[in-house]
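Asker: after the sequence you'll find the predicted model.
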Amino acid sequence: MTRLILGPFNRVEGDLEVQLTVHDGRVAQAQVNAPMYRGFERMLVGRAPLDALTIVPRICGICSVSQTVAAALALRQACNVQPPANGVLATNLMLGCENLADHLTHFYLFFMPDFTRQVYRRRTWFTRAQQRFGALLGNTPGNALHNRAAVAARARWFELVGTLGGKWPHTGAILPGGSSRALEASERVRLLQRVREMRAFLEGTLFGGPLEQVTALTDLAALQRWCAQHPDSDLALLLELAEDTALGKLGAGPDLYMSYGAYPDARGTPTWVQGVWDASTQKRLALVTQDITEDSHHAWYRDAVGSAARHPMNGATEPDADKPGAYSWNKAPRLAGRVLQTGALARQLIDGHALIHDAVAHHAGTVLPRVLARLLEIARILPQMEQWLHAIELHAPFYQAHELPTQAQGVGLVEAARGALGHWLRIENGRLSHYQIIAPTSWNFSPRDAQGQPGALEAALVGAPMDPTLADTPAANDSVAVQHIVRSFDPCMVCTVH
Amino acid sequence: MTFNVLWLQSGGCGGCSMSLLCADTPDLPAQLQAGGVNLLWHPALSLASQHELLQLLDDCLSGRVRLDALCIEGALLRGPHGSGRFHMLAGSGRPMIDWVRQLSGVARHVLAIGSCAAWGGISASGANATQACGLQYEDDLPGGLLGQTFRSGSGLPVINVAGCPTHPGWIIDTLMLLAADALHASDLDALGRPRFYADQLVHHACTRNEYYEYKASAAQPSDLGCLMENLGCKGTQANADCNIRLWNGEGSCLRGGYACINCTAPGFQNPGHAFQSTPKLAGIPIGLPTDMPKAWFVALASLSKSATPKRVKINAHSDHVVVAPAPRSKRGRS
């Protein structure tokens, strides 16, 4: 039995430490520690309500639009305003732009470089992995080719937010009443051109063929055939090395999945449905948001009086760095007391995509389905964004004026790239009097709760093998499997420790 | 000789790194390399993790690896009670502020990347429960984590590449100038910001300048008019070249339809008023343009308001151009 403290993890947003107990070369127990406290929920209290739109994007540099949308939705409810259709389309375009970029960043910059680690140097695919997915730093010009191209494509892609929202990250253009920037005809054709450029990168490099054909794949057998027909695509290489490294057996998370529903239209109907998927019973359930609680039993926060778990509309965040038994600055969110995973895999299971259901039927909720679901979302969202751009009605309003209430409350639920993000706020005397945030990685990387139930990653790490290496070197404590599992959730620690 | 850069993050959102990745170049690593910049390690871009990074930090401290520039992104969290335990560097058992103090002592240059690392920024909002501060400032008070008298190996104070986020061009230009030994004390403004961007005002090249000239003001978001009078814009006071060196292609805050909040300045996070509304005294905005005497501003504003062309007045309250500038007829030319 060995105890290990792993960190700092990089290629995750923010700082992360994982403590492992290792037995017989496998992880027997894991504790996930978010080692930073930032205090946004307390900063927001006392501010003018719309100040949230300037402050909350700065919770996160990689999902700042998602944070803004959550705040705008909560304020929209509090202000009882309905934005015009154009405002909703512009918001969805900016959110879709960020979510696609985040999936791309995750695949190329965060997840794939681990396959160029020396532990894999004898694998048949190693040289190809280096040429395509080597980390951007420390590589020669002939390597990391697809990563370099992905960064360049991503920079051009963000010109969508540059035009619609002024800049990325930290746009201020998304408002309860819509968006602050109308679009002209010539700008629309330029943005459509940017979308075409991204489509060309995705179809040429990532998938090897048309996005619409990728989204039409209905099972793993069809996916295998696709890869055989497009052997030079990054998707084909992912599947080749996933098979060789058993990514479909690594890091099974909880059987419960949740999505708040993604990209609602002007009537509030989401493009990808809201709900809960219980893989153990194969049933899709309605989401009851009143069943969401946060528990700070093992987090460095003072516990609630009476009960340890609170609904976020009644939640509190009072730091206590000396609390006995605590090991993380992240609280433990639960749905009706249960642990769940959230993210692209949850969204696509709940939306009922056949390929992802087949992947989970074969591999459970492991590393490979989590990565596949993100790639599928990339292929699904881009054609949707083309439609939204075309649907914008030129010279119709983007913004609806409204009053600010002195007393109100609101909930903003949004799907960030990494999963379900919620903001719960109250306004009293014209000022924010309550603000609680549950980020996607708060769910996925939660510590144990009062019942001792481990969080999703804590459970997923159990059984992960350590690398076979020589003893008495630092590398003896390495586990590339742990790295794959951790990064397969695409954690955003800066959101988690808001 | 390459210019070795180490990049670490603490109390912030990581958005300045994400902004760096939006740099306008077909090959970011190649661009840095061509400028002589060798990033030893960056949280988003390096393979090395865990003990590999801790070993590199040790190598920098011992001098086995020469540290030409230490880039810190995010505020320095001194709480609780000065212990720094609000951010323990994972796997090291030590507060991040200890690492930053030590590494600053061996670096030839120390750079604050973004307003959190420069002054505390958004991370120091409100009551500042985390005791967040910048490397050499706490808001506009000199001091911060390293102290007012700190000088890095080069003799320079901390170079504040401030902004929230900072612009990718500001980072890259600063690093490439340093690598070429072409950024000196006289190239920094009074707050340690590189003058190549801080000598400009956000107002310069703003697309709303004609509305500003006539005080034809936006009444609500999405209006084309000037954002200064009603919607909180500080572009006439903010030191940055945001409307000259655009963001993500064709963007800037003002082009996106919302106010400049002067995010390159210390203390911007607590403006004393709602960000998107302009505080006024007797109907006149409190924050006047830089270098502008109040009496002149009032006189010119009332004169220009009465001279506003109908075209400008109508368009200012619309989200698109309703009245186009009339083409000059050839016969009308003198």
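Answerer: Arrived safely, thanks for sending. Residues are numbered from 1 along each chain as shown, chains lettered A, B, ... in the order given.
Asker: next up, the contacts around the residue in the stretch 301-450 of chain A that chain B sits nearest to.
Answerer: The minimum distance from the stretch 301-450 of chain A to chain B, using CB to the nearest CB, falls at residue A:399 (3.9 Å). The C-beta positions use only the backbone N, C-alpha and C, and glycine is treated the same way. For residue A:399, the contacting residues are A:83-84, A:87, A:175, A:177-180, B:220-222, B:319, taking CB atoms under 8 Å, 6 or more residues apart in numbering or on different chains as the criterion.
Asker: excluding chain neighbours, what is closest to the residue in chain A positioned nearest to chain B?
Answerer: Nearest to chain B in chain A, going by CB to the nearest CB, is residue A:166, at a distance of 2.0 Å. Spatially, and ignoring its direct neighbours in sequence, residue A:166 is nearest to residue B:256 (2.0 Å; CB to CB, 6 or more residues apart in numbering or on different chains).
Asker: contact partners for the one you found?
Answerer: Applying CB under 8 Å, 6+ apart as the definition, the contact partners of residue B:256 turn out to be A:164-167, A:171-173, A:180-181.
Asker: tally of neighbours for residue 69?
Answerer: Using chain A. Residue A:69 has 28 neighbours, counted by other CB atoms under 10 Å in any protein chain shown.
Asker: right idea, wrong chain: chain B
Answerer: 24.
Asker: ok, residue B:187 next?
Answerer: Summarising burial for residue B:187: neighbours were counted as other CB under 10 Å, giving 17.
Asker: phi, psi for it please.
Answerer: Summarising the backbone geometry of residue B:187 under the convention degrees, to the nearest 10, its torsions are phi -90, psi 0.
Asker: what does residue B:39 give?
Answerer: Phi and psi for residue B:39, reported as degrees, to the nearest 10, are phi -70, psi 110.
Asker: tell me the strands beside the lowest-mean-pLDDT helix or strand in chain B, with direction?
Answerer: In chain B, the helix or strand scored least confidently by mean pLDDT, DSSP states H and E is strand B:284-285, which has a mean of 87. Using DSSP bridges, the strands paired with strand B:284-285 in its sheet are strand B:280-281 (antiparallel).
Asker: give me the domain ranges for chain B.
Answerer: Listed domain ranges for chain B are B:3-198, B:201-320 (source: automatic domain parsing).
Asker: now the end-to-end length of the longest one.
Answerer: Start and end residues of domain B:3-198 are separated by 24 Å (CA to CA, to the nearest Å).
Asker: swap in stretch B:9-22?
Answerer: Here the two ends of stretch B:9-22 are set 18 Å apart, with distance taken as CA to CA.
Asker: could you see whether chain A lies near it?
Answerer: Yes. Taking CB under 8 Å from any CB of the partner chain as the criterion, stretch B:9-22 and chain A are in contact, through B:9-19, B:21-22.
Asker: for residue A:248, give its distance to residue A:126.
Answerer: Taking CB to CB, to the nearest Å as the measure, residue A:248 falls 20 Å from residue A:126.
Asker: and the two? Which one has more around it.
Answerer: Set residue A:248 next to residue A:126 and count neighbours by other CB under 10 Å: residue A:248 wins out with 20 against 17.
Asker: quick one: secondary structure of that one?
Answerer: Under DSSP: H, G, I helix; E, B strand; the rest coil, the three-state class of residue A:248 is coil.
Asker: now it. Nearest residue, chain neighbours left out?
Answerer: Spatially, and ignoring its direct neighbours in sequence, residue A:248 is nearest to residue A:363 (3.6 Å; CB to CB, 6+ apart).
Asker: my guess is the one you found contacts residue A:249. True?
Answerer: Yes. Judged on CB atoms under 8 Å, residue A:363 makes contact with residue A:249 at a distance of 7.2 Å.
Asker: neighbour count winner among the two?
Answerer: Neighbours were tallied for residue A:363 and for residue A:249 using other CB under 10 Å; the higher tally belongs to residue A:363 (21 against 15).
Asker: list the contacts of the more buried one.
Answerer: Applying CB under 8 Å, 6+ apart, we find residue A:363 in contact with A:248-249, A:369.
Asker: for chain A, what's its nearest residue on the stretch 201-334 of chain B.
Answerer: Nearest to chain A in the stretch 201-334 of chain B, going by CB to the nearest CB, is residue B:256, at a distance of 2.0 Å.
Asker: now for the closest residue to residue A:86 other than its chain neighbours, how many residues are close by?
Answerer: Nearest in space to residue A:86, with sequence neighbours left out and distances taken as CB to CB, 6+ apart, is residue A:398 at 4.5 Å. The local packing count at residue A:398 equals 30, with neighbours defined by other CB under 10 Å.
Asker: residue A:247 too?
Answerer: The burial metric for residue A:247, expressed as a neighbour count using other CB under 10 Å, is 25.
Asker: for the residue nearest to residue A:466 when sequence neighbours are not counted, give me the pLDDT.
Answerer: Using CB to CB, 6+ apart and skipping the chain neighbours, the partner closest in space to residue A:466 is residue A:479 (4.6 Å). Note for residue A:479: predicted pLDDT of 93.
Asker: cool, residue B:1 as well?
Answerer: You'll see residue B:1 listed with a pLDDT of 76.
Asker: how about it, secondary structure?
Answerer: Per three-state DSSP, the local secondary structure of residue B:1 is coil.
Asker: also residue A:31?
Answerer: Taking three-state DSSP as the rule, one finds residue A:31 in the strand state.
Asker: OK, contacts around it?
Answerer: Under the criterion of CB under 8 Å, 6+ apart, the neighbours of residue A:31 are A:18-20, A:327-328, A:447-448, A:458.
Asker: using CSV, lay out those residues together with pLDDT and neighbour count.
Answerer: Converted to CSV, the contacts of residue A:31 look like this (pLDDT from 0 to 100; neighbours: other CB atoms under 10 Å in any protein chain shown):
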residue, pLDDT, neighbour count
A:18, 96, 26
A:19, 96, 17
A:20, 96, 23
A:327, 96, 18
A:328, 96, 24
A:447, 97, 26
A:448, 97, 21
A:458, 98, 23
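Asker: can you pick the most crowded of the contacts of residue B:256?
Answerer: Going through the contacts of residue B:256 with other CB under 10 Å as the criterion, the one with the most neighbours is residue A:165, at 34 neighbours.
Asker: surely that one and residue A:91 touch.
Answerer: No. In this structure, residue A:165 is not within contact of residue A:91 by CB under 8 Å, at 9.3 Å.
Asker: where do the contact lists of the two overlap?
Answerer: Here residue A:165 and residue A:91 share the contacting residues A:174, A:179, scored by CB under 8 Å, 6+ apart.
Asker: need the three-state assignment for residue A:372.
Answerer: Using three-state DSSP, the secondary structure recorded for residue A:372 is helix.
Asker: is it true that residue A:256 touches residue A:283?
Answerer: No. Checked against CB under 8 Å, the pair residue A:256 and residue A:283 is beyond contact range at 10.7 Å.
Asker: between the two, which one's more packed in?
Answerer: residue A:256 (23 against 10).
Asker: excluding its backbone neighbours, what's nearest the more buried one?
Answerer: In space, not counting the residues next to it along the chain, residue A:256 is nearest to residue A:340; the distance is 4.0 Å by CB to CB, 6+ apart.
Asker: what count of nearby residues applies to the one you found?
Answerer: Using other CB under 10 Å, the number of residues around residue A:340 comes to 26.
Asker: check the burial of the residue nearest to residue A:466 by counting its neighbours.
Answerer: Under the neighbour criterion other CB under 10 Å, residue A:479 is assigned a count of 24.
Asker: low-confidence regions, the chain specifically.
Answerer: Reading this off chain A. Per-residue confidence for chain A (pLDDT under 70) gives these ranges: A:304-307, A:469-476.
Asker: switch to chain B, please.
Answerer: By pLDDT under 70, the low-scoring segments of chain B are B:331-334.
Asker: quick check, residue B:76 in a strand?
Answerer: Yes. Under three-state DSSP, residue B:76 sits within a strand.
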